[in-house]
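Q: Got a predicted structure plus its sequence, pasted below:
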Amino acid sequence: MSRDEMNVVEELKKKRKAVILAHSYQPPEIQDIADFVGDSLELSRKAAETPAEVIIFCGVRFMAETAHILAPEKTVILPEPDAGCPLADCIDVESLRGMQALHPDALTVLYVNSPAAAKAESYTCCTSANAVKVVESVPSREVIFAPDRNLGLFVSGRTTKKIHIWEGSCRCHDGVNPDELATAREKWPGARLLVHPETPPEAWNLADAVLGTGGMIRYVESSDADMFLIGTEEGMVYRLRTLFPDRRFLSVGSIRCEDMKKTTPEKVLRSLRTLEPAVTLDPVIREKAFRAVSRMTEVSS
Ligand code: 13P
């Protein structure tokens with residue numbers, strides 16, 4: 001983005017009382033113009049707390065919906081309306097109700113990577129940063145965990161609760177090739193390998209740590225290693241290089257989310273000018289989804 005365009009963005013942000021929030025998977029040029037870059041949990045917190053009246057949400061639809069659920073009085077804009085999440089799309093209300101009917105003693109913990117209508121049918125939500133804590137907090141011995149199978153398995157190994165896992169996955173993370181990770185480990189024996197819990201268990205077994213994107217930042221902060229192999233969406237490497245310019249980061253496993261790359265500085269600029277496209281939800285669904293999302297934020301605050 002040229003200096004002139006950057007100036008226009010700054011002017012419009014002031015005029016609109018707007019803030020630009022971006023997920024760590026966003027392209028470098030979007031991370032560079034954002035006021036705040038973070039993981040899904042941090043972004044939902046920011047959306048709820050910001051005094052701004054307009055939130056330009058650079059991420060994918062479920063993230064912008066979560067911001068709208070938590071901050072309905074603010075205008076939440078998703079600059080690219082087609083930025084979706086195939087994982088979120090793999091769950092629908094009818095099938096979720098079907099699973100709930102099969103397990104009447106279980107409460108549902110829904111990963112935020114899900115549509116608002118499914119959140120409205122759930123007891124609470126979680127992100128990769130707080131999934132174990134949230135499951136532990138639920139007042140039932142049995143839990144339905146949806147829609148990410150790998151994160152569900154990850155949680156199952158860290159709780160004594162009985163977890164009924166939905167059969168869904170992020171095709172980018174789930175498609176990671178463990179042989180590629182093993183080769184990278186051999187090539188850089190001194191480097192630490194960090195993988196996201198949406199990757200399959202074969203990847204976790206090779207890793208030094210299994211963490212959400214915010215957890216990866218905290219891991220690097222407290223580690224004395226100087227090289228890290230990053231097994232999550234490749235945008236995270238730019239985020240880490242920006243935060244820790246003295247360390248080395250390499251993206252491994254070829255994990256790239258095309259939906260995350262749909263946001264461009266031009267679309268952000270257009271959104272600031274037009275305040276479109278705004279995220280809206282049926283108020284009844286929003287209200288019910290709010291209960292589930294706020295149970296999550298209370299537990300992880
Ligand atoms: P984080 O919650 O770790 O930021 O992950 C978001 C996500 O969508 C992973 O695919």
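A: Structure received.
Q: What residues does the chain have near the ligand?
A: By the rule Cβ under 6 Å from any ligand atom, the part of the chain lying against the ligand is 39, 40, 113, 127, 128, 129, 170, 198, 212, 213. In short, each C-beta sits where N, CA and C put it, glycine included.
Q: residues contacting the last one?
A: If a contact means Cβ atoms under 8 Å, 6 or more residues apart in numbering, then residue 213 has 23, 24, 25, 39, 128, 196, 232, 236, 239 as its contacts.
Q: hmm, try it at 7 Å
A: 24, 39, 232, 236 (Cβ atoms under 7 Å, 6 or more residues apart in numbering).
Q: How about the first one?
A: Counting by Cβ under 7 Å, 6+ apart, residue 39 makes contact with 24, 127, 129, 212, 213, 214.
Q: could you give me the average pLDDT of stretch 13-26?
A: On average, the pLDDT along stretch 13-26 is 98.
Q: Next: stretch 289-301.
A: Stretch 289-301 shows a mean pLDDT of 93 in the predicted model.
Q: Give me the contact list for it.
A: So stretch 289-301 is in contact with 41, 44-45, 66, 69-70, 110, 116, 119-120, 122-126, 130, 133-134, 137, going by Cβ under 7 Å, 6+ apart.
Q: Nearest to residue 281, out of the contacts of residue 213: which one, please.
A: residue 39 (22.4 Å; Cβ to Cβ).
Q: Look up the closest residue to that closest one, ignoring the ones flanking it.
A: residue 214 (3.7 Å; Cβ to Cβ, 6 or more residues apart in numbering).
Q: Now the buried members of the contacts of stretch 289-301.
A: Among the contacts of stretch 289-301, those classed as buried by 16 or more other Cβ atoms under 10 Å are 41, 44-45, 66, 69-70, 110, 116, 119-120, 122-126, 130, 134, 137.
Q: The residues you listed in strands, which ones?
A: Of those, the ones assigned to strands by DSSP state E are 110, 124, 125, 126.
Q: for the helix or strand hosting residue 132, packing partners?
A: Residue 132 belongs to helix 131-137 when assigned by DSSP states H and E. If you count contacts as 3 or more Cβ pairs under 7 Å, 6 or more residues apart in numbering; DSSP states H and E, helix 131-137 packs onto helix 149-156, helix 283-300.
Q: Which stretches in the stretch 101-250 of the chain count as strands?
A: Applying DSSP state E, counting those that start in this stretch to the stretch 101-250 of the chain gives strands spanning 106-111, 124-126, 142-146, 162-165, 192-195, 209-210, 227-231, 248-251.
Q: Out of the ones you listed, which is closest to residue 76?
A: Residue 76 lies closest to strand 124-126 among the strands of the stretch 101-250 of the chain, at 17.0 Å (Cβ to Cβ).
Q: Give me the distance from the closest one to the chain's centre.
A: Remark: strand 124-126 is offset 13 Å from the chain centroid, using Cα atoms, centre = their mean, to the nearest Å.
Q: helices or strands up against it?
A: strand 106-111, helix 283-300.
Q: re earlier: tell me the most buried of the helices and strands packed on helix 131-137?
A: A comparison of those by mean neighbour count, using mean count of other Cβ atoms under 10 Å, puts helix 149-156 on top with a mean of 22.
Q: Grab the most central residue of the chain for me.
A: Centroid-nearest residue in the chain: residue 40, 3.8 Å away (criterion: Cα atoms, centre = their mean).
Q: my guess is that residue contacts residue 64, does it?
A: No. With contacts counted by Cβ atoms under 7 Å, residue 40 stays clear of residue 64, the gap being 11.1 Å.
Q: Test my guess that residue 281 contacts residue 116.
A: Yes. Counting by Cβ under 7 Å, residue 281 touches residue 116, with 5.2 Å between them.
Q: Common neighbours of the two, please.
A: Joint contacts of residue 281 and residue 116 (Cβ under 7 Å, 6+ apart) are residue 65.
Q: need the contact list for the closest residue to residue 102 other than its chain neighbours.
A: Excluding the flanking residues, the one nearest residue 102 by Cβ to Cβ, 6+ apart is residue 164, at 7.8 Å. By Cβ under 7 Å, 6+ apart, the contact list for residue 164 reads 99, 103, 106, 142, 144, 145.
Q: repeat for residue 70
A: Counted by Cβ under 7 Å, 6+ apart, residue 70 has contacts 44, 47, 48, 293.
Q: now the residues you listed in JSON lines, with distance to residue 218?
A: Below are the contacts of residue 70 laid out as JSON lines (distance: Cβ to Cβ, whole Å):
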{"residue": "44", "distance to residue 218": "18"}
{"residue": "47", "distance to residue 218": "21"}
{"residue": "48", "distance to residue 218": "21"}
{"residue": "293", "distance to residue 218": "23"}
